[in-house]
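Peer 1: next one to model:
(chains A and B)
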2 protein chains.
Amino acid sequence: VAVLFERMVTVGVGLIGGSLAGAARRAGVVCHVTGVGRGAPNLGVARRRGLVDETSHDLTVVKSADLVVLAVPVAAIVPVARALAVHLRPGTVVMDAGSVKRPIVEALEADLPAGCPFIGTHPIAGTERSGAAAADPDLFHGATCVLTPTRHTDSEALCRVEALWGAVGARVVHMDPGEHDRALAWTSHLVHALAYTLSRAVGEAAPFFSALAGPSLRDATRVAASKPEPWRDILLANAEAVDSVIGAYSRQLERLRSAITQGDAETVLELLRAGCDARKHMEGEGG
Amino acid sequence: VAVLFERMVTVGVGLIGGSLAGAARRAGVVCHVTGVGRGAPNLGVARRRGLVDETSHDLTVVKSADLVVLAVPVAAIVPVARALAVHLRPGTVVMDAGSVKRPIVEALEADLPAGCPFIGTHPIAGTERSGAAAADPDLFHGATCVLTPTRHTDSEALCRVEALWGAVGARVVHMDPGEHDRALAWTSHLVHALAYTLSRAVGEAAPFFSALAGPSLRDATRVAASKPEPWRDILLANAEAVDSVIGAYSRQLERLRSAITQGDAETVLELLRAGCDARKHMEGEGG
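Peer 2: Here you go, the predicted structure:
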């Protein structure tokens, strides 16, 4: 296995940063990983679990990095990148792993030093848990990782970042940043908005209902156990697309509701069957 | 273990009927089970898997039953009960296992012969799979089973049916039929309506999006893989309550959407946090 980046610094050693660090070390594609974070207990967990070689509270450690991974929550990516930009040496590749791409890619292509190529990435993996304790070097195995190059992207850096994600088991696809954000509004941001809303609505209707909940409600609300702060930031960072998909979703739901109240069995069946077919198609493709 | 019913006939040997038959036989609370159905292949599966002692296509076998279980889809329960009513001998207990209770309980309390007590039941268990092949004698272990007695209910029959559900591992609760239907509109019927709608909406927006779907979309749409016909019937049978909860849910979703489009970070966080708290409460109670 060829080494892709001698020294990697991951800023943020949570579920994504910790998993990537552990996976990249295991795959032998990086030689040394420094985990940077604010919380000493979490950094301690990352060290004890062997996800990173060393840890630091100090952003200036990026000065010796060949690759800087911005694995902090979406709202922190741009501020953190701006704070560390002054310490970067020419040639250091910077990548993020945020769930929203267009605002981040636009800001960092403008703000990072000219000699430091930026690659926007989004590994579509995760659980409702967080922190280095939840990190798992197998997290990206079989997951899709979206890279969002633009006409400004350095192709050699893109190639190495793509190889890194491939080495940790991800299937890499390329998308335009805005196209990514519109697609993820459907497949992830909407799903989280619905799950939090369902959980809240059922809880308000009658908290004791949970005793009457089968696996369907528990599955449908699983991701509502995720920490709300990162999701607030994702929904706000992608507000335009999220607004549009919630609108489209609500119109579809209203069609079903209207068919139910009118006792229109044929339309109800047609709408449910289309959902069932789409679900089977999804399972066939996505696994 | 005391035998509760010498001879049980289950009309319908699918996921619920097959699981109950297998579980009751294993628990020793019934001596002999006949599975009645129309599809020869499914009956063959039930026999080979040892879920039932014998099978039949003929509803008249209920004449020798101590317990008749109506384990057919919701829309078939009342017609099937009417068709077999003439063959029942006095003393035979009849129960259903449908996901909607008020219309069924009202119809069967009126239509069954006077000497044949009816008990409405709803085991809250299931998967998106169906048929005798999916039946599992452990299906009801730890599940809630709602019994919906009314002022007309025979208390001795209620007691034996309650013991049967207890013997197969369910936690039994009693509710008024209408109260059951309003609660299940929240915890199950709405959840299915949302999952089918989400699956359909994502599929229509762009079928290829499924390659970008993480586990959140797959979990949120899992139940949309369920056969649509039974869910058409459930949603229509409980139309009034379903209409009301879809309305309440849509208003909650609209609140979140409006906070997102206004960039109101505080309200977005508050709404997500309420969902997260409700989800944790649910997990604590429901497991």
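Peer 1: for the rest of this, base every contact and every neighbour count on C-alpha atoms.
Peer 2: Will do.
Peer 1: where does the stretch 151-287 of chain A have low pLDDT?
Peer 2: A:207-208, A:284-287 (pLDDT under 70).
Peer 1: show me where it has its strands.
Peer 2: In the stretch 151-287 of chain A, the strands defined using DSSP state E, counting those that start in this stretch lie at A:171-174.
Peer 1: what parts of the stretch 51-200 of chain A come near chain B?
Peer 2: Applying CA under 8 Å from any CA of the partner chain, one finds that the stretch 51-200 of chain A approaches chain B through A:124-127, A:143-144, A:183-184, A:186-188, A:191-200.
Peer 1: and the residue of the stretch 101-250 of chain A closest to chain B?
Peer 2: Residue nearest to chain B within the stretch 101-250 of chain A: A:Arg200 (4.1 Å; CA to the nearest CA).
Peer 1: mind listing the helices for chain A?
Peer 2: For chain A, the helices defined by DSSP state H cover A:15-27, A:40-48, A:74-85, A:102-111, A:155-167, A:177-184, A:190-205, A:215-220, A:228-237, A:239-261, A:265-286.
Peer 1: let's have the ones you listed in a markdown table, adding mean neighbour count.
Peer 2: Output for the helices of chain A, formatted as a markdown table (neighbours: other CA atoms under 10 Å in any protein chain shown):
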| stretch | mean neighbour count |
| --- | --- |
| helix A:15-27 | 25 |
| helix A:40-48 | 18 |
| helix A:74-85 | 18 |
| helix A:102-111 | 17 |
| helix A:155-167 | 18 |
| helix A:177-184 | 21 |
| helix A:190-205 | 25 |
| helix A:215-220 | 24 |
| helix A:228-237 | 22 |
| helix A:239-261 | 20 |
| helix A:265-286 | 20 |
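Peer 1: would you check that the residue of the stretch 101-250 of chain A closest to chain B makes contact with B:Lys280?
Peer 2: No. With contact defined as CA atoms under 8 Å, A:Arg200 does not reach B:Lys280; the gap is 10.8 Å.
Peer 1: okay, the most centrally placed residue in chain A: pLDDT?
Peer 2: In chain A, the residue lying closest to the centroid (CA atoms, centre = their mean) is A:Ser99, at 3.9 Å. We note a pLDDT of 94 for A:Ser99 in this prediction.
Peer 1: what of the one 10 residues further on?
Peer 2: With respect to pLDDT, A:Glu109 scores 97.
Peer 1: what's the local residue count around the closest residue to it other than its chain neighbours?
Peer 2: Nearest non-adjacent residue to A:Glu109, counting by CA to CA, 6 or more residues apart in numbering or on different chains: A:Phe118, 6.5 Å away. Burial of A:Phe118 is recorded as 27 neighbouring residues (other CA atoms under 10 Å in any protein chain shown).
Peer 1: okay, A:Phe118: pLDDT?
Peer 2: With respect to pLDDT, A:Phe118 scores 98.
Peer 1: okay, and the beta partners of it?
Peer 2: A:Val94 (DSSP bridges).
Peer 1: quick one on the thing from earlier: check contacts around the residue of the stretch 101-250 of chain A closest to chain B.
Peer 2: Listed by CA atoms under 8 Å, 6 or more residues apart in numbering or on different chains, the contact set of A:Arg200 reads B:271-272, B:274-276, B:278-279.
Peer 1: now it, nearest residue through space, not along the chain?
Peer 2: Here the residue nearest A:Arg200, using CA to CA, 6+ apart, is B:Gly275, at 4.1 Å.
Peer 1: repeat for A:Ala185
Peer 2: Leaving aside its sequence neighbours, A:Ala185 sits nearest to A:Val242 (CA to CA, 6+ apart; 5.3 Å).
Peer 1: how close does the one you found sit to B:Ala211?
Peer 2: Note on A:Val242: its distance to B:Ala211, by CA to CA, to the nearest Å, is 19 Å.
Peer 1: repeat for A:Ala265
Peer 2: 32 Å.
Peer 1: thinking again about what came up before, now flag whichever of the contacts of A:Arg200 is closest to A:His174.
Peer 2: Distance to A:His174, by CA to CA, is smallest for B:Leu272 among these, at 31.0 Å.
Peer 1: pretty sure the closest one contacts A:Pro228?
Peer 2: Yes. B:Leu272 is within contact range of A:Pro228, at 5.6 Å (criterion: CA under 8 Å).
Peer 1: in contact with A:His122, which residues?
Peer 2: By CA under 8 Å, 6+ apart, the contact set of A:His122 is A:96-101, A:145-147.
Peer 1: and if we set it to 7 Å?
Peer 2: A:His122 makes contacts with A:97-99, A:145-147, as judged by CA atoms under 7 Å, 6 or more residues apart in numbering or on different chains.
Peer 1: what of A:Arg279?
Peer 2: With contact taken as CA under 7 Å, 6+ apart, A:Arg279 is in contact with B:199, B:221, B:224-225.
Peer 1: related to what we said a few turns ago, if the residue nearest to the residue nearest to the centre of chain A when sequence neighbours are not counted is in a bridge, with which residues?
Peer 2: Excluding its sequence neighbours, the residue lying closest to A:Ser99 (CA to CA, 6+ apart) is A:His122, at 5.8 Å. On the basis of DSSP bridges, A:His122 is bridged to A:Val146.
Peer 1: just A:Thr10 next, same as before
Peer 2: The partner residues for A:Thr10, given DSSP bridges, come to A:Gly35, A:Val69.
Peer 1: need the pLDDT of it.
Peer 2: For A:Thr10, the pLDDT comes out at 98.
Peer 1: tell me how far it lies from A:Trp165.
Peer 2: Here the distance between A:Thr10 and A:Trp165 works out to 14 Å (CA to CA).
Peer 1: same check on A:Ala2?
Peer 2: Here A:Ala2 is placed at a distance of 14 Å from A:Trp165 (CA to CA).
Peer 1: sorry, back to before: most neighbours of all the contacts of A:His122, which one?
Peer 2: Counting neighbours by other CA under 10 Å, the top entry in the contacts of A:His122 is A:Ser99, with 28 neighbours.
Peer 1: which ones are touching A:Leu271?
Peer 2: Residues in contact with A:Leu271, defined by CA under 7 Å, 6+ apart, are A:Leu256.
Peer 1: again, only this time at 10 Å
Peer 2: A:252-253, A:255-256, A:259, B:193, B:196-197, B:200, B:228, B:232 (CA atoms under 10 Å, 6 or more residues apart in numbering or on different chains).
Peer 1: swap in A:Ser250?
Peer 2: Counting by CA under 10 Å, 6+ apart, A:Ser250 touches A:244, A:256, B:194, B:197-198, B:201, B:250, B:253-254.
Peer 1: can you pick out the most distant pair from those residues?
Peer 2: A:Ser244 and A:Leu256 (19.0 Å).
Peer 1: burial of A:Arg151, as a residue count?
Peer 2: 7.
Peer 1: mind listing what it touches?
Peer 2: A:Asp176 are the contacts of A:Arg151 under CA under 10 Å, 6+ apart.
Peer 1: against A:Phe118, how distant is it?
Peer 2: As defined by CA to CA, A:Arg151 lies at a distance of 12 Å from A:Phe118.
Peer 1: just A:Glu179 next, same as before
Peer 2: To A:Phe118, A:Glu179 is 18 Å away according to CA to CA.
Peer 1: can you give me the mean pLDDT across stretch A:45-58?
Peer 2: Per-region confidence: stretch A:45-58 scores 97 on mean pLDDT.
Peer 1: thinking again about what came up before, which neighbours do A:Arg200 and B:Lys280 share?
Peer 2: In contact with both A:Arg200 and B:Lys280: A:221, A:224, B:274, using CA under 10 Å, 6+ apart.
Peer 1: let's have those in JSON lines, adding distance to B:Glu106.
Peer 2: Formatted as JSON lines, these follow (distance: CA to CA, whole Å):
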{"residue": "A:Thr221", "distance to B:Glu106": "33"}
{"residue": "A:Ala224", "distance to B:Glu106": "38"}
{"residue": "B:Ala274", "distance to B:Glu106": "38"}
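Peer 1: closest to B:Pro73 out of the residues you listed?
Peer 2: For B:Pro73, the nearest member of the shared contacts of A:Arg200 and B:Lys280 is A:Thr221. The distance, counting by CA to CA, is 26.3 Å.
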